[in-house]
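Asks: Next comes the sequence, and after it the predicted model I'd like to discuss.
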Amino acid sequence: MAVVGVLLGVGAARAIAGRRERRVEVLTNLDQKRLRPAPPGDVRLSVVVPAYREHSIGVTVMRLRAALADVVADGGLEIIVVDDGSHDGTAELAEAAGADLVLRQPVNRGKGAAVRAGMLSAHGRTVAFTDADLSYSPDQLLDLLAEVEAGWDVVVGSRRHTDTTTLVRARRLREIGGRIINRLTHAVLLGHHRDTQCGLKAFRSDVAQLIFGHSHVDGFAFDVEVFHLVELYELSLLEVPVRVENRQRSTVKVARDAGRLVRDLFRIRQWHRQGVYELDARHAPLLSAPALRSAPDGASDVA
């Protein structure tokens, strides 16, 4: 028995050491831009808005177009609304407000499924998504766009960033629930991501196709799967501060969604072990791009 205990202890120590080594590798990859050609796309920016029973979706579309007027004039803007099985006129309101593309999900599948459908249908060189209630004012998409165009593969808003400002605070229960959920994500993620669930994220178009073409989670935990794939595929990621305008109405239920998150975290780990996320040779050019480092004069150089 003593020998068995020693062997188990050695195995556990090796597993912990291996995880620490992998964490260092992941953190290095996240922090390094890659030398990549310009991403493909017909317009400069696509914005995906998942919507479920959003009677104010028309206002959302108009606010997006007004806030991003400079993008409309310089490279083009595409607004995509994905109606996640509402059947209450949400899609019609989006069309009337001038959304460039409205996708209709036949049944309510979840935010992850809606975002995936929109991202894979987008034509922008940069593709972003934001919440239908505009908890983050739409002008903040310009900051994410600038960072993607500066060379980052993925740029995510973070409510835990030291420079984030909160104009209207969430209810205390939701704040506590958000912290608990972030803790639970450590079962899957290796990077020190302060906020996986912020509804403001942007991607290079080819990276968006890569990630959402291999994602499977339809519900609340889809953000965690996105972070997992960013780590797995050794992509670069930048967290940026946001201005939060929390709304009192929310489709997020802390207790319910925490339970679903735990279920999906186990599914993500299982899919990883089963090789579901493995890539083929088609993706080699994107993933083999050399890393950039800062040259002595401040210019970019190949590592």
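Replies: Alright, I've got the coordinates.

Asks: okay, CA-based contacts and neighbour counts for the rest of this
Replies: Noted.

Asks: Show me where the stretch 101-250 of the chain has its strands.
Replies: 101-105, 124-130, 154-158, 165-168, 200-204, 237-241, 243-245 (DSSP state E, counting those that start in this stretch).

Asks: Reformat the ones you listed as CSV; add mean pLDDT and distance to Asp139.
Replies: Shown next, in CSV, are the strands of the stretch 101-250 of the chain (pLDDT from 0 to 100; distance: least, Cα to Cα, whole Å):
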stretch, mean pLDDT, distance to Asp139
strand 101-105, 97, 21
strand 124-130, 98, 11
strand 154-158, 95, 13
strand 165-168, 59, 15
strand 200-204, 98, 11
strand 237-241, 95, 13
strand 243-245, 86, 10
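
Asks: now for the ones you listed, which one comes closest to Ala66?
Replies: When the strands of the stretch 101-250 of the chain are compared by Cα to Cα, strand 124-130 sits nearest Ala66, at 15.3 Å.

Asks: if we can go back for a sec, got the strands of the stretch 101-250 of the chain as a markdown table, with distance to Ala258 columns?
Replies: Formatted as a markdown table, those follow (distance: least, Cα to Cα, whole Å):
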| stretch | distance to Ala258 |
| --- | --- |
| strand 101-105 | 25 |
| strand 124-130 | 21 |
| strand 154-158 | 19 |
| strand 165-168 | 23 |
| strand 200-204 | 20 |
| strand 237-241 | 23 |
| strand 243-245 | 22 |
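
Asks: would you turn the ones you listed into CSV with mean neighbour count and distance to Val224?
Replies: As requested, the strands of the stretch 101-250 of the chain are exported to CSV (neighbours: other Cα atoms under 10 Å; distance: least, Cα to Cα, whole Å):
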stretch, mean neighbour count, distance to Val224
strand 101-105, 19, 22
strand 124-130, 26, 15
strand 154-158, 26, 12
strand 165-168, 13, 23
strand 200-204, 26, 12
strand 237-241, 20, 14
strand 243-245, 19, 20
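
Asks: Can you tell me which of these is nearest to Val48?
Replies: Comparison of the strands of the stretch 101-250 of the chain against Val48 by Cα to Cα identifies strand 124-130 as nearest, at 4.5 Å.

Asks: residues in contact with that closest one?
Replies: By Cα atoms under 8 Å, 6 or more residues apart in numbering, the surrounding residues in contact with strand 124-130 are 39-50, 77-78, 115, 119, 136, 141, 145, 148-149, 199-205, 208.
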